[in-house]
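Undergrad: This is a predicted model, with the sequence first.
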Amino acid sequence: MTWPWVVLGVAGTLALAGLIYWQLIIAEGTYIGPRMVAWTYDWVARRYDAIKQFEPRSESWYVAGPLLQAIAGVEEPLVLDVATGTGRLPLALLRERFATTGGRIVGLDLSRGMLHQAWTKLAAYDDRVSLVWQEASHLPFDDGMFDAVTCLESLEFLPRPVEALAEMVRVLAPGGVLFVTNRVGREARFLPRRALSRPLFEQTLAAHSLVDVTVRRWQVNYDLAMARKGGQPRLGGRGLTDLPALLRCPDCGGGLRREAASVSCGLCRRIYPIREGIVHLAGSKKRDG
Ligand SMILES: C[S@@+](CC[C@H](N)C(=O)[O-])C[C@H]1O[C@@H](n2cnc3c(N)ncnc32)[C@H](O)[C@@H]1O
């Protein structure tokens with residue numbers, strides 16, 4: 001083999017390795033599609049908490065504290081945590097006064113592995129937390145259901161972050177709190193159309209009838225936005241509602257009802273199993289007959 005071919009071979013191999021590293025390690029599969037992202041998180045789920053080393057005191061300071069302050073006074077608040085992962089936000093809230101004030105948290109994620117890890121920590125709070133296996137671009141809830149919608153360290157992995165933000169605002173009640181991070185820092189440059197620039201992030205929030213918008217640097221690689229949905233506040237009182245009454249069928253939008261080990265759609269007759277406390281909206285089957 002001649003030198004030019006050797007150089008070309010080495011350059012090609014390095015370029016391919018760089019592409020794979022970018023797609024799978026930095027972008028975590030987001031340019032390939034949501035299933036790929038979910039698969040990478042399924043793969044890492046058992047080690048995720050050890051890698052992140054969440055520490056109760058800083059979780060209280062950065063996560064639970066600001067959110068609890070923002071929803072203070074809301075009776076039985078209903079919180080939606082989009083891309084909940086291993087249950088970081090529900091756990092942080094339940095370690096604090098949310099544990100005694102009532103209310104419920106719904107955690108939604110597309111990785112079953114991450115949800116399984118979440119459930120091992122949250123099963124003891126099964127009357128306060130519900131987990132849903134579902135893609136975040138189409139939230140299976142009616143408009144204006146939640147007193148707070150959160151999404152931590154995940155917006156950059158969703159296929160269309162601007163539309164995903166609009167979807168989060170849609171399910172937020174007037175007066176409700178949005179608590180969302182956007183990736184910044186060195187690696188954000190390698191996530192075009194996923195990590196939003198600060199101006200685009202602020203512009204997107206401003207376009208959605210949000211008020212009291214603040215964006216500030218949060219933890220190491222994130223900006224955190226806190227905002228309220230405008231309009232006459234309609235908060236509280238939904239936190240004790242049974243989960244099927246909150247959910248909409250992702251297939252046809254029909255209402256869901258609870259059965260023994262599943263929820264089912266009265267309209268299109270799809271059945272969504274419940275396993276280990278997780279409602280499998282992303283894994284349905286059609287009822288026979
Ligand atoms: C870095 S983790 C963050 C988890 C959690 N919010 C936290 O702060 O620890 C990103 C999470 O986003 C979830 N995710 C990525 N893309 C998703 C999508 N399209 N729909 C729902 N969840 C998604 C992943 O499965 C993963 O659990």
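TA: Structure received.
Undergrad: can we go C-alpha only for contacts and neighbour counts from here?
TA: Will do.
Undergrad: Next up, the contacts around residue 219.
TA: residue 62 (CA atoms under 8 Å, 6 or more residues apart in numbering).
Undergrad: secondary structure class for residue 212?
TA: Classification of residue 212 using DSSP: H, G, I helix; E, B strand; the rest coil returns strand.
Undergrad: State the number of residues packed around residue 71.
TA: 20 (other CA atoms under 10 Å).
Undergrad: nope, residue 46 is what I meant
TA: Residues lying near residue 46 (other CA under 10 Å) number 15.
Undergrad: Residue 244 is in contact with residue 254, isn't it?
TA: No. Using CA atoms under 8 Å, residue 244 is not in contact with residue 254; the gap is 11.1 Å.
Undergrad: Give the partner strands of the worst-scoring helix or strand of the chain on mean pLDDT in its sheet and their orientations.
TA: One helix or strand of the chain scores below all others by mean pLDDT, DSSP states H and E: strand 285-286, with a mean of 72. Sheet pairing of strand 285-286 (DSSP bridges) gives strand 270-275 (antiparallel).
Undergrad: what residues does the partner strand touch?
TA: The contact list for strand 270-275 (CA under 8 Å, 6+ apart) reads 261-265, 279-281, 283-287.
Undergrad: Report the buried residues of that strand.
TA: Buried residues in strand 270-275, defined by neighbour count with 16 or more other CA atoms under 10 Å: 270, 271, 272, 273, 274.
Undergrad: following it, which helix or strand comes up?
TA: strand 278-280 (DSSP states H and E).
Undergrad: How far does stretch 146-166 stretch from one end to the other?
TA: By CA to CA, to the nearest Å, the extent of stretch 146-166 from end to end equals 14 Å.
Undergrad: Also stretch 43-61?
TA: Start-to-end, stretch 43-61 (CA to CA) is 29 Å.
Undergrad: swap in stretch 16-29?
TA: End-to-end span of stretch 16-29 (CA to CA): 15 Å.
Undergrad: same question, stretch 134-152
TA: Here the two ends of stretch 134-152 are set 16 Å apart, with distance taken as CA to CA.
Undergrad: do it and the ligand meet at all?
TA: Yes. On the criterion CA under 6 Å from any ligand atom, stretch 134-152 is in touch with the ligand at 135, 136, 151, 152.
Undergrad: What are the buried residues along that stretch?
TA: Buried residues in stretch 134-152 (16+ other CA under 10 Å): 134-137, 139-141, 144-152.
Undergrad: which one of the residues you listed is nearest residue 82?
TA: Checking these against residue 82 by CA to CA gives residue 151 as the nearest, at 4.9 Å.
Undergrad: Assess the claim that that closest one and residue 82 are in contact.
TA: Yes. Residue 151 is within contact range of residue 82, at 4.9 Å (criterion: CA under 8 Å).
Undergrad: What residues does residue 133 make contact with?
TA: Applying CA under 8 Å, 6+ apart, we find residue 133 in contact with 108, 109, 110, 111, 112, 115, 278, 279, 280, 281, 282.
Undergrad: Let's see that with 7 Å instead.
TA: Contacts of residue 133 were listed using CA atoms under 7 Å, 6 or more residues apart in numbering, and they are 108, 109, 110, 112, 278, 279, 280, 281, 282.
Undergrad: Just the buried residues of those.
TA: By neighbour count, with 16+ other CA under 10 Å, the contacts of residue 133 hold 108, 109, 110, 112, 278, 279, 280, 281, 282 as buried.
Undergrad: unless I'm mixing things up, the fifth one is touching residue 132, no?
TA: If I follow you right, that is residue 278. Yes. The criterion here is CA atoms under 7 Å, and residue 278 meets it with residue 132 at 5.5 Å.
Undergrad: Let me see the confidence value for the spatially closest residue to residue 77 that is not a sequence neighbour.
TA: Take residue 77 and drop its neighbours on the chain: the residue closest to it by CA to CA, 6 or more residues apart in numbering is residue 103, 4.6 Å away. Residue 103 carries a pLDDT value of 92.
Undergrad: Count residues in the vicinity of residue 103, would you?
TA: By the criterion of other CA under 10 Å, residue 103 has 22 neighbours.
Undergrad: and it, what does it touch?
TA: By CA under 7 Å, 6+ apart, the contact set of residue 103 is 76, 77, 78, 128, 239, 240.
Undergrad: Could you dump those into TSV with pLDDT and secondary structure added?
TA: Shown next, in TSV, are those (pLDDT from 0 to 100; DSSP: H, G, I helix; E, B strand; the rest coil):
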residue	pLDDT	secondary structure
76	93	coil
77	96	coil
78	97	strand
128	94	coil
239	83	coil
240	81	coil
